[in-house]
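Participant: No letters, just coordinates:
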C-alpha cells in the first residue's frame, strides 16, 4: 500500500484542551483566539503573509484513532457518510480550517476563529483568496436542514 | 522527527497531464471537468454527498520534489513566502481545491473547476459549507495587486 509521509511544520495553540471543549467549527467560537507556532526553520516562508486577513490551516487530527465511514455528525441527528461531514475520524485525519489572521510576530501567528485542539500538529498554511475560495450559489447539503445549524443561524450575534 | 503517514483513498482524473497544461487555479478553467475515483472500500462514506454543490478536495502534489521557502508565484512577478502562495513545492505538498460537484455514480464523482494534474492521489473529501468556508470582508494580500489576476478579473466571462 502506497504511503505518503508528512512532518509537522509547527503546532497550533488554542484554548481547547479536550474535544468536549472545542467548537464544532470556528464560526461557533468567533472570539476564540489561538497561536500558530511555525518551527523556526520554516519562518522565511511567512514573508508577505501579514497582508492576508484569512488563512487556510491544514493540520493533523492527532487524537483521532481509526475512522468510521458512516457517522453521526455533532450538528445533526441523522447518520451521514463521513465525506459529507467534517468529522475528525476520517481515513486520513487531516483537518481544514479557515482562521482570521490578527498579527504576525516572527514565527508566531495570532489567529481567531480557531476550532482545533491545543497542541495540534500543523501541516500547512495557505492564504485564503476570495477569488479561489469564497464560492457563491452554494448548496450545503444536509447542513441546510440540520436543526443545530438552524438554531445557530437564528440566534442574534 | 515525528512522521505522519497517510494513504491515498483514491485518485483524481483530470485533462491535465503535465504542469504546463494545468491552470493556476480552478477559477481559470471553469469548464475543466474531472472525475474523483474513490477506492471502492471507502464508497460507503459518500452517502449524502450528492446534496452538496461544492466539495473541498485535499490531495498529494505527487510531482513535487522538495520545496522552496521563498518562491515566485505563477500569478505574480515578485518573490513571496511559500505560505503566502498556493505553489505546490511546499514543506508538506498537500493540495487544496474547491470543486463543483455535478454528479455521483457509485464510487465516482463528476466534478468541475479542477486544477490538479491527472492521476493525483486523493487524501480527503469534505463538504464545502458556506457558513464555515465562504468568508466575507477578506483581504487577499498580494493577490489584490497581482497583474495576472487583475487582467483576469477584467476579462469578460
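Facilitator: Yes, it's here. Bear in mind the structure is a predicted one, so any value in this text is a computation, not a measurement. Residues are numbered from 1 along each chain as shown, chains lettered A, B, ... in the order given.
Participant: quick one: residue A:53 from chain B, how far?
Facilitator: With the distance defined as Cβ to the nearest Cβ, to the nearest Å, residue A:53 ends up 4 Å from chain B. Placement of C-beta: from N, CA and C, glycine included.
Participant: Not counting residues beside it along the chain, what's closest to that residue?
Facilitator: residue B:139 (3.8 Å; Cβ to Cβ, 6 or more residues apart in numbering or on different chains).
Participant: Look up phi and psi at that neighbour.
Facilitator: The phi and psi torsions at residue B:139 (degrees, to the nearest 10) take the values phi -110, psi 120.
Participant: Equivalent analysis for the one 5 residues further on, please.
Facilitator: Per-residue torsions, residue B:144: phi -60, psi -30 (degrees, to the nearest 10).
Participant: follow-up on the earlier one: correct me, but the residue nearest to residue A:53 touches residue A:50?
Facilitator: No: taking contact to mean Cβ atoms under 8 Å, the distance of 10.1 Å between residue B:139 and residue A:50 leaves them out of contact.
Participant: All the helices of chain A, in order from the start?
Facilitator: In chain order, chain A shows helices spanning A:130-133, A:147-153, with DSSP state H as the criterion.
Participant: Return the most buried member of those.
Facilitator: helix A:130-133 (a mean of 20; mean count of other Cβ atoms under 10 Å in any protein chain shown).
Participant: quick one: it to chain centroid distance?
Facilitator: With Cα atoms, centre = their mean, to the nearest Å as the basis, helix A:130-133 stands 17 Å off its chain's centre.
Participant: do the same with stretch A:68-81
Facilitator: Centroid displacement of stretch A:68-81 relative to its chain, using Cα atoms, centre = their mean, is 18 Å.
Participant: Now residue A:54: closest residue in space, sequence neighbours ignored.
Facilitator: Across the structure, with Cβ to Cβ, 6+ apart as the measure, the residue nearest residue A:54 apart from its sequence neighbours is residue A:128 (3.7 Å).
Participant: Kindly list the longest strand within chain A.
Facilitator: Across chain A, the strand with the greatest residue count (assigned by DSSP state E) is strand A:94-105.
Participant: What helices and strands are in contact with that strand?
Facilitator: Secondary structure elements in contact with strand A:94-105, counted by 3 or more Cβ pairs under 8 Å, 6 or more residues apart in numbering or on different chains; DSSP states H and E, are strand A:33-38, strand A:54-60, strand A:108-112, strand B:54-60, strand B:120-127.
Participant: list the buried ones in that strand?
Facilitator: In terms of neighbour count (16 or more other Cβ atoms under 10 Å in any protein chain shown), strand A:94-105 has its buried residues at A:94, A:95, A:96, A:97, A:98, A:99, A:100, A:101, A:104.
Participant: Direction included, what does that strand pair against?
Facilitator: Under the criterion DSSP bridges, strand A:94-105 sits next to strand A:54-60 (antiparallel), strand A:108-112 (antiparallel) in its sheet.
Participant: how far off strand B:120-127 does it point, in degrees?
Facilitator: In this structure, strand A:94-105 runs at an angle of 80 degrees to strand B:120-127, with axes from the mean of the first three to the mean of the last three Cα atoms, to 10 degrees as the basis.
Participant: Name the residues of stretch A:23-32 that come out as buried.
Facilitator: Of all the residues in stretch A:23-32, those buried under the rule 16+ other Cβ under 10 Å are A:23, A:24, A:25, A:26, A:27, A:28, A:29, A:32.
Participant: ok, which of those also contact chain B?
Facilitator: Counting by Cβ under 8 Å from any Cβ of the partner chain, the subset of the buried residues of stretch A:23-32 that neighbours chain B consists of A:25, A:26, A:27.
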